[in-house]
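Peer 1: Fold the following.
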Amino acid sequence: MDQRLPPHSQASAATLSRGEALLWHQVWLGAVMTILVVLTLVVGLSWTAAAALVCAALPGAAGLALRWRDTAQTRAILVVLWAVGGAFACILGGGVSGPLAVWCLAPLAAATTLGPGRLVAEAAALALMGAALAAAAQIAGLAPGPPPASLGFWLGLTALLTTSVGAATGLLLSHRRSARRQAADQGAYGVLERLLTEQPHLLISLDPSGRVGSAFGYAPEGVSEGLLLGEGLLAAAEPADRPALEIALQTALTKGGAEASFAPLGALHCASSLSLRRAADGGLVGVLRDATLQRAREAALEAGKLAAEQLNAGKSRFLANMSHELRTPLNAIMGFSDMMRARLFGPLTGRYGEYAELIHESGGHLLDLINDVLDMSKIEAEAYHLSIETFDAREPVSAALRLMRLQADESGISLRGVLPPQDLDIDADRRALKQMVLNLVSNALKFTPRGGQVTVTLTAHSGGIELVVADTGVGIAEEDLNRLGRPYEQAGDADQRSQGSGLGLSLVRAFAELHGGDMTIESELGEGTSVTVRLPVLAAGGRPSAQVIAFAPPR
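Peer 2: Modelled structure (predicted):
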């Protein structure tokens with residue numbers, strides 16, 4: 001956690017320091033200027049002595065700049081000005097042997113007020129340089145002679161008092177400022193400690209063996225604080241969960257973090273969750289949370305999921321077992337209506353012939369829907385078994401194209417097949433492959449307007465076959481594309497959805513996965529749709545084809 005002073009503490013500390021430095025400079029300026037006036041009126045000053053006092057007072061005037069701008073750069077410039085002012089005051093007062101030599105220490109006095117630390121060290125160096133400059137000026141004869149003894153006494157006393165009082169005041173202010181900051185730090189640490197102690201989880205520090213060094217907060221329900229702090233993390237967990245905690249400790253040390261859950265020792269009805277992170281010193285820090293309610297919710301969700309899966313499996317088994325009962329009456333309806341259409345027992349009068357045609361057509365449509373539902377139910381109930389045989393993949397594809405030719409012609413859509421010129425032997429379920437082609441072509445015709453085109457392509461592909469059904473239809477919206485392939489999910493408008501059960505693509509996907517393959521859909525609104533089925537079913541003697549020809553089923 002970032003341990004910083006609260007914002008209000010930082011602001012108040014900075015404001016008071018700035019105000020104290022400003023006051024210090026004002027007092028210095030006022031004191032020196034007052035002495036300048038008094039000595040001028042009482043004793044009488046030479047121009048060199050007056051100039052020396054002005055040089056000593058000018059840095060105090062410059063210090064008032066802190067009222068507008070108080071930065072590290074400003075403070076460094078002020079210390080330099082104090083060194084320059086003190087050096088020139090010393091030179092004008094007769095050099096290092098004159099009464100104003102002590103003013104060479106003025107930058108040190110100012111630095112204790114402006115800010116401790118590196119600034120004080122820089123001020124000491126500048127003070128030494130100022131004294132050296134004054135000594136050099138005196139040796140070179142550039143410094144004026146010392147003032148008379150009586151005036152020298154008062155000038156010396158002025159320099160000594162101002163420098164001593166200024167340095168003492170700066171040290172006192174610096175001490176007060178440090179005390180305030182220390183109190184602010186202690187207050188911030190107190191707030192931090194209270195937050196750590198009263199937060200709802202348990203924060204712990206651990207060594208690699210799991211021994212706890214410190215802890216803040218509340219232990220989760222069931223966790224013994226005595227065991228945790230005395231014997232370590234592993235001792236506070238049930239024996240069956242300790243290996244998982246050991247793995248989490250090693251994982252956190254090697255990979256930087258880990259999570260684990262465990263039951264507290266003697267409290268199997270409770271659950272605790274542990275999050276670990278590697279610390280900078282090589283140890284570990286962790287958070288212990290009570291996960292009892294979370295585990296209960298997860299158990300309830302898992303039970304609900306299991307119940308839903310059991311209900312769905314029961315429904316699938318029921319429909320799969322009802323295949324004979326559902327198909328038998330439908331076959332009778334279609335058989336008798338077919339006999340009526342063929343007029344085996346004489347002509348039908350009136351509109352009875354048309355009704356027989358409608359009964360047969362409706363029965364066929366209903367049988368197709370029931371077959372789809374039953375096939376999907378068998379697959380969901382894991383009761384569908386493939387009948388694997390070796391055959392030419394072109395045969396069921398050609399048969400499906402012939403069956404769909406009439407529907408394509410009635411819809412005004414061009415149906416085109418592109419198949420290999422030679423045999424393409426595969427080991428697969430013949431009926432499943434034919435059903436996949438029928439479902440894909442039926443979907444393509446449903447979504448392709450009159451004048452469009454549907455193309456069925458069959459090729460060898462990486463040890464298997466690739467079946468692609470592409471159309472120039474209306475395409476599928478992205479939100480619908482993500483749903484397609486799941487049972488009973490449909491796309492398109494109400495008229496298009498009413499033409500099927502929503503099982504066509506899901507059956508294709510299921511048949512492909514039963515063969516160890518997959519199905520992918522690519523579509524763009526207004527551009528058409530392409531469905532690709534890849535099946536790794538190429539027979540051992542099958543030959544991949546590099547050439548394809550157009551296959552046009554007979555009309």
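Peer 1: and the host helix or strand of E298, what other elements does it pack with?
Peer 2: Following DSSP states H and E, one finds E298 within helix 292-321. Judged by 3 or more C-beta pairs under 8 Å, 6 or more residues apart in numbering; DSSP states H and E, the packing partners of helix 292-321 are helix 352-380. Backbone N, C-alpha and C define where each C-beta goes, glycine included.
Peer 1: Can you pull the poorly scored residue ranges out of the stretch 201-350 of the chain?
Peer 2: 316-317, 319-324 (pLDDT under 70).
Peer 1: Now for G346, how many residues are close by?
Peer 2: By the criterion of other C-beta atoms under 10 Å, G346 has 6 neighbours.
Peer 1: what about it, helix or strand, and which?
Peer 2: Element membership for G346, per DSSP H and E: none, as it lies in no helix or strand.
Peer 1: OK, contacts around it?
Peer 2: By C-beta atoms under 8 Å, 6 or more residues apart in numbering, no residues touch G346.
Peer 1: any idea how far it is from L525?
Peer 2: Distance, G346 to L525, using C-beta to C-beta, to the nearest Å: 54 Å.
Peer 1: ok, back up a step: now the element after the helix holding E298, going C-ward?
Peer 2: Counting by DSSP H and E, what follows helix 292-321 is helix 323-342.
Peer 1: lowest confidence element among the helices and strands of this structure?
Peer 2: Every helix and strand of the chain was ranked by mean pLDDT, DSSP states H and E. The lowest is strand 549-551, at a mean of 35.
Peer 1: need the next SSE after the helix or strand harbouring L22, C-terminal direction.
Peer 2: According to DSSP H and E, L22 maps onto helix 7-42. Later in the chain than helix 7-42, the nearest helix or strand by DSSP H and E is helix 47-62.
Peer 1: what are the C-alpha coordinates of that next one, in CSV please?
Peer 2: Written as CSV, here are the backbone C-alpha positions of helix 47-62 (Å, rounded to 0.1, in the frame of the first residue of the first chain):
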residue,chain,number,x,y,z
TRP,A,47,29.6,55.0,1.7
THR,A,48,31.4,51.7,1.9
ALA,A,49,29.8,50.8,5.3
ALA,A,50,26.4,51.9,4.0
ALA,A,51,26.9,49.8,0.8
ALA,A,52,27.9,46.8,3.0
LEU,A,53,24.7,47.0,5.0
VAL,A,54,22.6,47.4,1.7
CYS,A,55,24.3,44.3,0.3
ALA,A,56,23.4,42.3,3.4
ALA,A,57,19.8,43.6,3.2
LEU,A,58,19.1,42.9,-0.5
PRO,A,59,18.8,39.0,-0.1
GLY,A,60,16.2,39.6,2.5
ALA,A,61,14.2,41.7,-0.1
ALA,A,62,14.7,38.9,-2.7
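Peer 1: Check which element follows it along the chain.
Peer 2: That would be, after helix 47-62 and using DSSP H and E, helix 72-92.
Peer 1: what distance separates the very next helix or strand once past that following helix from the centre of its chain?
Peer 2: Note on helix 72-92: by DSSP H and E, the next helix or strand toward the C-terminus is helix 106-114. Remark: helix 106-114 is offset 51 Å from the chain centroid, using C-alpha atoms, centre = their mean, to the nearest Å.
Peer 1: then whatever helix or strand comes next after helix 106-114 to PDB, C-alphas only?
Peer 2: Next helix or strand after helix 106-114 toward the C-terminus (DSSP H and E): helix 118-139. These are the backbone C-alpha positions of helix 118-139, laid out as PDB (Å, rounded to 0.1, in the frame of the first residue of the first chain):
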ATOM      1  CA  ARG A 118      21.000  19.100   0.700                       C
ATOM      2  CA  LEU A 119      20.300  22.900   0.600                       C
ATOM      3  CA  VAL A 120      22.200  23.400   3.900                       C
ATOM      4  CA  ALA A 121      25.200  21.500   2.500                       C
ATOM      5  CA  GLU A 122      25.200  23.700  -0.600                       C
ATOM      6  CA  ALA A 123      24.900  26.800   1.600                       C
ATOM      7  CA  ALA A 124      28.000  25.700   3.600                       C
ATOM      8  CA  ALA A 125      30.000  25.400   0.300                       C
ATOM      9  CA  LEU A 126      28.800  28.800  -0.900                       C
ATOM     10  CA  ALA A 127      29.700  30.400   2.500                       C
ATOM     11  CA  LEU A 128      33.200  29.000   2.200                       C
ATOM     12  CA  MET A 129      33.500  30.300  -1.300                       C
ATOM     13  CA  GLY A 130      32.300  33.700  -0.200                       C
ATOM     14  CA  ALA A 131      34.900  33.900   2.500                       C
ATOM     15  CA  ALA A 132      37.600  32.800   0.100                       C
ATOM     16  CA  LEU A 133      36.400  35.500  -2.300                       C
ATOM     17  CA  ALA A 134      36.600  38.200   0.400                       C
ATOM     18  CA  ALA A 135      40.100  37.000   1.500                       C
ATOM     19  CA  ALA A 136      41.300  37.200  -2.100                       C
ATOM     20  CA  ALA A 137      39.900  40.700  -2.600                       C
ATOM     21  CA  GLN A 138      41.600  41.800   0.600                       C
ATOM     22  CA  ILE A 139      45.000  40.300  -0.400                       C
END
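Peer 1: Output the contacting helices and strands for the helix or strand following helix 118-139.
Peer 2: Next helix or strand after helix 118-139 toward the C-terminus (DSSP H and E): helix 149-198. On a contact count with 3+ C-beta pairs under 8 Å, 6+ apart, helix 149-198 meets helix 7-42, helix 47-62, helix 106-114, strand 212-217.
Peer 1: I'd like the mean pLDDT over helix 149-198, please.
Peer 2: Per-residue pLDDT over helix 149-198 has a mean of 74.
Peer 1: cool, and stretch 444-460?
Peer 2: For stretch 444-460, mean pLDDT is 91.
Peer 1: Quote the end-to-end distance of that stretch.
Peer 2: Its start and end residues considered, stretch 444-460 measures 22 Å (C-alpha to C-alpha, to the nearest Å).
Peer 1: how about it: buried residues?
Peer 2: Of the residues in stretch 444-460, 444-448, 452-460 count as buried by neighbour count, 16 or more other C-beta atoms under 10 Å.
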